[in-house]
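Participant: I'll drop the sequence and a predicted model, then ask my questions.
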Amino acid sequence: MCGIVGASAQRNVEPILLEGLRRLEYRGYDSAGMALVNDGALDRTRAVGKVQALADKLAEAPRPGVLGIAHTRWATHGGVSETNAHPHVSSSRIAVVHNGIIENFEPLRERLREAGYEFTSQTDTEVVAHLIDSHLGDSGDLATAVRTTVDELDGAYALAVVCRDDPHTLVATRSGSPLVLGVGIGEHFVASDVAALLPVTRDFIYLEEGDLVVLTHERYTIIDGSGAEVDRPVKESGLSLSATEKGSYRHFMLKEIYEQPRALAETWQGRVSADDIFASSISAEARELLDGVEYIHIVACGTSHHAGLVARYWLEAMARIPCNVELASEYRYRDPVVPKNCLFVTLSQSGETADTLAALRYAKSLGTGDGGYLATLAICNKPESSLTRESDLVLMTHAGPEIGVASTKAFTTQLLCLLLLTGMLERSADDRRALAEEIHQLATSVERVLELDNAIRHLAEEFVDKDHALFLGRGPMYPIAMEGALKLKEISYLHAEAYAAGELKHGPLALVDEKMPVIAIAPKNDWLEKVKSNLQEVRARGGKLYVFADAASGLDTGPGITVLDMPHVDETLAPIAYTVPLQLLAYHVAVAKGTDVDQPRNLAKSVTVE
Ligand code: G6P
């Protein structure tokens, strides 16, 4: 979703801003723009399409500046066009970039029109530029004008603002959308994400809700929501530059699929000993709290929601804890009944997903007494995200930066964290020991699954001319089928749907004919015989089957059925291992179709608006 980067320095900031935008490309966007302040002039350049299109325009007419803001836009209000791209400008002196949605932009626009402002875009953001301009007239001070402006806004925003007449000052503020302050030597920056600024600094301040920062190349001042000047800690980012680069891989997604053995190992190490889970690596306070859990609500979006759906099978079967899993966008607008001693769990790669954050805030608003939650736990991949900062307990997925829009290693490490949580809540020491032993083998199993890459690449060729695909699974493999279908949809634009195999005859069987590929996930488990019957139903209608199964499943390639031989994986861990070939399938179909694998059309990595 929209990305912001801004800088005040003693050198030309144009290349810094451009590199920052490139590093924010992964968030998903459709146009880009930059405004530079230089010698009493405000120069704005915007382009539809990739950041490279903006770079080409800037190269045609270079105008260096020591102060600037830049933006990648993911369209919400108004189509994809140059006039809707940010920065938005007012009175040729104010330039604004924005991530979020201003919900009351219509009445504000009317008021500003009556005051004589002309609107050139269809965006909600343009009102912010004009409002700041109108307030600047009153005080003459940019920070005061921005503060007065945001007091009038409803909705979510991260904003960065510069003014032609104040050639070193950048004002930025956030409420509901992420923003970090980068602290350099004789230069300061803001961005939506630390990754944007890694080439210029490692020192960051994670701005809090309501914070406003006034920065020049020399200094910065942070003012909190109440108007008081505050000190926020400067934290050094442990991210390496290479962690956010593709290296020798063709796409980030492929690199991230291949990083899974390491990411999984980093996620369990230090938490799982030879015979127990979280035996020592958890505070006494957290353990006491978790020991009191009698019910679990899991809330998330997209791929993270699928991880929650798998966890429900684990938590109920292994820890005997009733569990409800819900989409954050649904949860936040209903009036849920909260059982006694219920733990509220959010799952999120980014920790900034607007619906998930809103759901957390709603859950917290219920208090901890009757009708409220025992505590909140975030399972998240971004340590300094809003979600981790606002939750009582945090369990980090150590997946490392995930750049491809389609989530891969974040999903499998979320699954592992959920399994660790289940294992910890499991009462039987023997069962915990058995699970700990299996987890020690997980990375090796996933490495063996990756050896199927070539076979899956060949298989993918059969999907290139297809319009639809069905995914089938039972038990915990049903959410994995959902994840497989989502991956294929997201990056190859092929219509894919997942069904619990038992539901086949309640509708989807009507779609099955020789043109419909059906992908089934069939490891040896308690559901296998039922899955096999469902596969017969598909074959009987001429459907073409592609089955991921291990040798113990007893399924063989034959007419109308292609079996991909998976290595043996422990039944509990199978959802993690069986995700990997489905990621590879989606990846190779997308490559064969020539789609934009890492930045699929219309999608965003971090969905910071509702
Ligand atoms: C977007 C991403 C998905 C992700 C979902 C939830 O739709 O494209 O890959 O699963 O948001 O994101 P989160 O960061 O909360 O896991």
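Facilitator: Perfect, thanks for sending it. The structure displayed is predicted, hence computed values, not measured ones. Residues are numbered from 1 along each chain as shown.

Participant: Arg46 sits in which helix or strand?
Facilitator: Using DSSP states H and E, Arg46 sits in strand 41-48.

Participant: One more: Glu497?
Facilitator: Counting by DSSP H and E, the element that carries Glu497 is strand 495-500.

Participant: Now that strand - C-alpha only, PDB.
Facilitator: C-alpha atoms of strand 495-500 as PDB (Å, rounded to 0.1, in the frame of the first residue of the first chain):
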ATOM      1  CA  HIS A 495      -9.300 -18.300 -10.800                       C
ATOM      2  CA  ALA A 496      -8.800 -20.900  -8.000                       C
ATOM      3  CA  GLU A 497     -11.100 -22.100  -5.200                       C
ATOM      4  CA  ALA A 498     -10.500 -24.400  -2.300                       C
ATOM      5  CA  TYR A 499     -13.000 -26.800  -0.900                       C
ATOM      6  CA  ALA A 500     -13.100 -29.100   2.000                       C
END
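
Participant: If you average the pLDDT over the helix or strand following that strand, what comes out?
Facilitator: Going down the chain from strand 495-500, the next helix or strand is strand 517-521, by DSSP H and E. On average, the pLDDT along strand 517-521 is 96.

Participant: Tell me which other helices or strands strand 517-521 touches.
Facilitator: When contacts are defined as 3 or more Cβ pairs under 8 Å, 6 or more residues apart in numbering; DSSP states H and E, strand 517-521 packs onto strand 468-473, helix 477-492, helix 528-540, strand 544-550, helix 574-593. In this view, the C-beta of every residue, glycine as well, is placed from N, C-alpha and C.

Participant: Quickly note the distance from Gly33 to Phe278.
Facilitator: Taking Cβ to Cβ, to the nearest Å as the measure, Gly33 falls 48 Å from Phe278.

Participant: more crowded one of these two?
Facilitator: Gly33 (26 against 20; other Cβ atoms under 10 Å).

Participant: Work out for me the element that one sits within.
Facilitator: Applying DSSP H and E, one finds Gly33 within strand 31-38.

Participant: Strand partners (parallel or antiparallel) of that strand?
Facilitator: strand 41-48 (antiparallel), strand 67-73 (antiparallel) (DSSP bridges).

Participant: Return the most buried member of these.
Facilitator: Ranked by mean neighbour count, these are led by strand 67-73 with a mean of 29 (mean count of other Cβ atoms under 10 Å).

Participant: Would you check that Thr76 makes contact with Phe105?
Facilitator: No. Contact between Thr76 and Phe105 fails when scored by Cβ atoms under 8 Å: they sit 10.7 Å apart.

Participant: hmm, back to that, could you look up the next helix or strand downstream of the strand holding Arg46?
Facilitator: Downstream of strand 41-48, the first helix or strand assigned by DSSP H and E is helix 51-60.

Participant: if we can go back for a sec, which positions within the strand holding Glu497 qualify as buried?
Facilitator: The neighbour-count check on strand 495-500 (16 or more other Cβ atoms under 10 Å) flags Ala496, Glu497, Ala498, Tyr499, Ala500 as buried.

Participant: of these, closest to Pro199?
Facilitator: Distance to Pro199 across the buried residues of strand 495-500 (Cβ to Cβ) is lowest for Ala496, with 38.1 Å.

Participant: can you pull the contacts of that closest one?
Facilitator: Residues in contact with Ala496 (Cβ atoms under 8 Å, 6 or more residues apart in numbering) are His468, Ala469, Leu470, Phe471, Gly484, Ala485, Leu486, Leu488, Lys489.

Participant: Can you say which of those residues are buried?
Facilitator: Among these, the ones that count as buried by 16+ other Cβ under 10 Å are Ala469, Leu470, Phe471, Gly484, Ala485, Leu486, Leu488, Lys489.

Participant: Show the contacting residues for the third one.
Facilitator: Right, the one you point to is Phe471. 481-482, 484-485, 488, 496-499, 518-521, 582.

Participant: what separates it from His398, distance-wise?
Facilitator: In terms of Cβ to Cβ, Phe471 sits 29 Å off from His398.

Participant: got it, and the last one?
Facilitator: Lys489 sits at a distance of 28 Å from His398 (criterion: Cβ to Cβ).

Participant: Counting residues, name the longest helix you see in the protein.
Facilitator: helix 429-450 (DSSP state H).

Participant: Tell me the helix or strand right after it.
Facilitator: Next element after helix 429-450 (DSSP H and E): helix 453-460.

Participant: just the angle between that next one and helix 429-450, please?
Facilitator: Here helix 453-460 points in a direction 70 degrees away from that of helix 429-450 (axes from the mean of the first three to the mean of the last three Cα atoms, to 10 degrees).

Participant: Grab the CA positions of helix 453-460 and hand them over as PDB.
Facilitator: Extracted in PDB, the C-alpha atoms of helix 453-460 (Å, rounded to 0.1, in the frame of the first residue of the first chain):
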ATOM      1  CA  ASP A 453      11.000 -27.700  -7.400                       C
ATOM      2  CA  ASN A 454      12.000 -29.000 -10.900                       C
ATOM      3  CA  ALA A 455       9.100 -31.400 -11.100                       C
ATOM      4  CA  ILE A 456       6.700 -28.700 -10.000                       C
ATOM      5  CA  ARG A 457       8.100 -26.300 -12.600                       C
ATOM      6  CA  HIS A 458       7.300 -28.900 -15.300                       C
ATOM      7  CA  LEU A 459       3.800 -29.500 -13.800                       C
ATOM      8  CA  ALA A 460       3.200 -25.800 -13.900                       C
END
